[in-house]
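Novice: This is a predicted model, with the sequence first.
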Amino acid sequence: MEERDGAGGEPVLEVRGLTKKFGDFVAVEDLSFAVRRGDVYGFLGPNGSGKSTTIRTVLGLVKPTSGEIRVFGRPVGGPKGREGMAGFVDAPGFYGYLSARDNLRLLAAADKRKKEPPIERVLETVELSERARDKVKTYSTGMKQRLAIAAALLREPEFLILDEPTNGLDPGGMRDVRALIRRLAGEGLTIFLSSHLLAEIEQLCNRVAVIGRGRLLAEGTLAEVVQGANGHLSYRLVVGDAREALRVLDRSSSGVEASVPAESMDGLEGAAGEEIRLSVGTEGIGPVVRELVNEGIEVRALVPVRPSLEDLFLELTEGGGG
Amino acid sequence: MIRWELYKLLRQRRTFLGLGATALVPIFFVAAIEITRRGPDAGEVPFAAQLLENGLVVPLITLGFATFVLLPLVVAFVAGDSIAGETSAGTLKTILGRSVGRTELFFSKAAAVAVYCLVAPAVLVGVGLVAGYLANGFEPLAGPGGAPIGVGRGIALVWSGAGLVALPLSGLAAFAIFLSAATQNSLGSGVGAVVLVLLLQLASNLGLTGSLDPYLLTNQFEAWLNLTRDPIDWEPIIRSAWVSLLWAAAFLAAAWAVFVRRDVLS
C-alpha cells in the first residue's frame, strides 16, 4: 500500500463495497475507504447521507446488504470483530435511572475484560468525576456526550469511533470535546470522526471521506480532497494599483482569472494597498507575478486562498459532483 | 450480565409498580373482609369457608384470584419492556457495542424476567401470609378432601403454589419478550401479552378450544391447587409444568431468533 502523508500505518478500518438497503431505500451504496493507524479520519456528510448507517455496520449493529468491513483485519459483526474498537453512534444511549458510574460499571461488565476497568480515570478525562453519582437522566446533552466518550475510552481502545461528538454542545463544550479529541489523537489513538461540521473536520482531521446520499464523493488527505474538487488554486494579491494590475492581467496570456473582491476580507496586515482575487490553473502563480512585476506593478502581498471545506462540500454534494 | 440485568430491573420504577400492585391485593383483601366480615360463599372458591377465622387461607385465595389478570398483567409489562425499552432508550446500541454477544445478552434478560416471574407471586403470598396472620392467625386448613392440612404443611403449600404459578407466568413472559423483540414497542408488547391471556381465557370459556384446552397457557395457572389434595395429585401438576415450559421455550426461541438478527437502528 502506498504511503500517504500524515499517518500511513497499517489499515485499522477497511470498508469495501459496503451497501446497505432498507427495503427499497438504499442508505449506503458501494462505499469503500480505509482508515490507517494514527489517522484522525473525518467522515463528512450532511444529515441523512448514510454516515450513521455506515457506523452502525462497523459497530456490528446493522448487517450490510453486501460488502465487507474489517477492523484490525478481522471481519466485524460478532464480539470478536469489536476487539480494540470502541465508539458510539447517534445520540448517546445510557440508562437514565442509573448513575454515570453505574452505567460505566455495567458497560465494563459487558466488556468482559479481566483487567480492572479504569472507570475513575475515564470519568476524570471527561471531567465528570464530580457528577458521577448523579443519575444520567439529570445530565445535560453535553454531559451525555462526554459520558459517551468516557464509555468508549473505558474499553481502552486503539480505534475510536465518534459520531458527531459535539452535536448539541455549546461553544465551550465543543471546544472542550475537540481539545480532548486532539489529546487522544496525540496519545496515539486512531480516530474515526463523523461530522457534518466542516470546521470540526478541518481542525481535527488529517484525512477525510465525504459522502452524500450514501455514496462516496471524495476521499484523501484534506489537501487532496480540496484540490481535487475544483482543480485550480486561488490567491489574494495586494498591489499598489489594482486597476493597473487588472489591465495587465487582462492582456496576459497566462490563463489567469482576476477579479476585484466585492469587499476586501480582513485586510492583509502590513500590506496596505488594493486587493485582487486571482484564480490560476495548473501552470501556477509564478508567471503571473513575474508579468506583473515586469509591467511595474508593485506586488505587496500574495496569499494562497484554500477553498473552504464548506465550498468544497457544497460543490460535491449539490453541484453534480456525485 | 445476569447480575446487571437484575440490577437494572431493581432500579426501574416499572418493576416496583408491578410488585406494589401485587402486594396491595392481599392487604385490600384482608381489609375488606375485616370491614365487611363477609367472604365469598363456601364452595365457590376453595378454602372460602375458613376465610373469616384462618389467616392461612388469605394467600391461597389471593393467589388463585391474582392468576386471572393481575400477575399476568404485571409480568407482561415488565417482560414487554425488556428489549423494546432498551431499543427506545438507545441503550441497546450502547451495550451491543461492547464485547458481550447478542445471545448472552438475550438470555441474561430472559433470566432476569424469569426471576421476576418467581418474585411477583412470592411477594403476593408473602404479603398474604403476613396480612392473614395479623388478621386472624394461622390454623390448620380444611383440605378439599376433608382431611385437615397442618399449619406447617399449609405454609409450604402456599410457597409451592407461588412457585408453580411462576411456570405459566414464564410462558407468558416469553411471549411478551418475543413481542418486545419483534415490535420494539414496550407498551404494545405488554398489552399484546395481556390480550393473549384474555383471548385464551375467552376461547376456553366459550368451549372453542376443544381437545387443545388442556394445553392452553391460561389453563396452567390452576394446576397448583392439586397440591392441596391428599395425597397430592402430581399428574396435572407435572403436565402443567411441561406445557408451561414448552410455551416458554417456543417463544423464547422465536424471540432469540429475532433478536440476534435484527438491525439495531435506534
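Specialist: Now that the structure is in, tell me what you want to look at.
Novice: Show me the helices in the chain, by range?
Specialist: Just so you know, I chose chain A. A:51-59, A:100-111, A:119-125, A:141-153, A:171-186, A:198-204, A:222-230, A:242-251, A:286-294, A:309-317 (DSSP state H).
Novice: please go with chain B instead
Specialist: Taking DSSP H to define them, one finds helices in chain B at B:2-10, B:13-36, B:57-66, B:70-89, B:91-96, B:102-136, B:151-183, B:186-205, B:234-261.
Novice: who touches the fifth one?
Specialist: Think helix B:91-96. Applying Cβ atoms under 8 Å, 6 or more residues apart in numbering or on different chains, the external contacts of helix B:91-96 come out as A:56, A:59-61, A:88-90, A:92-95, A:106-107, A:110, A:148, A:151, B:83, B:86, B:102, B:105, B:264, B:266. Any C-beta I mention is one placed from the backbone N, CA and C, and that applies to glycine too.
Novice: what's around the residue of the stretch 1-150 of chain A found nearest chain B, how many residues?
Specialist: Closest contact between the stretch 1-150 of chain A and chain B, by Cβ to the nearest Cβ, is at A:Gly93 (2.7 Å). Neighbours of A:Gly93 under the rule other Cβ atoms under 10 Å in any protein chain shown: 25.
Novice: leaving aside the residues next to it on the chain, what's closest to it?
Specialist: Among residues not flanking A:Gly93 along the chain, B:Gly90 sits closest, at 2.7 Å (Cβ to Cβ, 6 or more residues apart in numbering or on different chains).
Novice: In the stretch 101-250 of chain B, which residue sits closest to chain A?
Specialist: Residue nearest to chain A within the stretch 101-250 of chain B (Cβ to the nearest Cβ): B:Gly101, separated by 5.0 Å.
Novice: For the most centrally placed residue in chain B, give its distance to A:Asp39.
Specialist: When chain B is reduced to its mean C-alpha position, the nearest residue by Cα atoms, centre = their mean turns out to be B:Leu169, at 3.9 Å. Distance of B:Leu169 to A:Asp39, given as Cβ to Cβ, to the nearest Å: 53 Å.
Novice: Next: A:Pro79.
Specialist: 24 Å.
Novice: between these two, which one's more packed in?
Specialist: More neighbours surround A:Asp39 than the other of A:Pro79 and A:Asp39, with 28 against 17 (other Cβ under 10 Å).
Novice: what about B:Leu245, how many residues close to it?
Specialist: B:Leu245 has 16 nearby residues by other Cβ under 10 Å.
Novice: so who does A:Ala185 touch?
Specialist: A:40, A:191, A:204.
Novice: and the stretch 151-300 of chain A, which residues reach chain B?
Specialist: Within the stretch 151-300 of chain A, the positions near chain B by Cβ under 8 Å from any Cβ of the partner chain are A:151, A:155.
Novice: List the contacts of the residue of chain B found nearest chain A.
Specialist: Residue nearest to chain A within chain B: B:Gly90 (2.7 Å; Cβ to the nearest Cβ). By Cβ under 8 Å, 6+ apart, the residues touching B:Gly90 are A:90-93, B:266.
Novice: can you name the two of the residues you listed that are farthest apart?
Specialist: Distances among these were taken as Cβ to Cβ; the most separated pair is A:Pro92 and B:Ser266, at 12.6 Å.
Novice: So between these two, which is more surrounded?
Specialist: Counting neighbours by other Cβ under 10 Å for A:Pro92 and for B:Ser266 shows that A:Pro92 has the greater number, 26 against 15.
Novice: pretty sure A:Glu158 is touching A:Gly9, no?
Specialist: No: counting by Cβ atoms under 8 Å, A:Glu158 does not reach A:Gly9; the two are 10.8 Å apart.
Novice: if you count what's nearby, which of the two comes out ahead?
Specialist: Looking at A:Glu158 and A:Gly9 with other Cβ under 10 Å, you find the greater number of neighbours at A:Glu158, namely 16 against 13.
Novice: For that one, which non-adjacent residue is closest in space?
Specialist: A:Gly84 (4.8 Å).
Novice: What of B:Trp256?
Specialist: Leaving aside its chain neighbours, B:Trp256 sits nearest to B:Phe106 (5.4 Å; criterion: Cβ to Cβ, 6+ apart).
Novice: Equivalent analysis for A:Ala27, please.
Specialist: A:Ala27's closest residue in space is A:Thr53 (Cβ to Cβ, 6+ apart), at 4.2 Å.
Novice: Now do the contacts for the residue nearest to B:Trp256.
Specialist: B:83, B:255-256, B:259-260.
Novice: Of these, which count as buried by neighbour count?
Specialist: Among these, those classed as buried by 16 or more other Cβ atoms under 10 Å in any protein chain shown are B:83, B:255-256, B:259.
Novice: Closest to B:Trp224 out of these?
Specialist: B:Ala255 (26.2 Å).
Novice: count of residues packed around the residue lying closest to B:Glu139 once chain neighbours are set aside?
Specialist: Excluding the flanking residues, the one nearest B:Glu139 by Cβ to Cβ, 6+ apart is B:Asn54, at 4.6 Å. By other Cβ under 10 Å, the residues close to B:Asn54 number 22.
Novice: ok, now which ones touch the residue of the stretch 201-322 of chain A found nearest chain B?
Specialist: Using Cβ to the nearest Cβ, A:Gly214 is the residue of the stretch 201-322 of chain A that sits closest to chain B, at 15.2 Å. Neighbouring residues of A:Gly214 by Cβ under 8 Å, 6+ apart: A:26-29, A:31, A:49-50, A:53.
Novice: repeat that for 10 Å
Specialist: A:18-21, A:25-31, A:45, A:48-51, A:53-54 (Cβ atoms under 10 Å, 6 or more residues apart in numbering or on different chains).
Novice: Same question for B:Leu157.
Specialist: By Cβ under 10 Å, 6+ apart, the contact set of B:Leu157 is B:56, B:59-60, B:125, B:141, B:143, B:149-150, B:224-225, B:227-228, B:232.
Novice: Give me every residue in the stretch 1-150 of chain B lying close to chain A.
Specialist: Taking Cβ under 10 Å from any Cβ of the partner chain as the measure of proximity, the stretch 1-150 of chain B contacts chain A at B:1, B:3-5, B:7-8, B:11-14, B:85-105, B:108.
Novice: now do the same end-to-end measure for stretch A:206-224.
Specialist: Start-to-end span of stretch A:206-224 (Cα to Cα, to the nearest Å) is 11 Å.
Novice: Strands of the stretch 1-150 of chain A, start to end?
Specialist: Here the stretch 1-150 of chain A has its strands, by DSSP state E, counting those that start in this stretch, at A:11-22, A:25-36, A:40-44, A:66-71, A:74-75, A:85-88.
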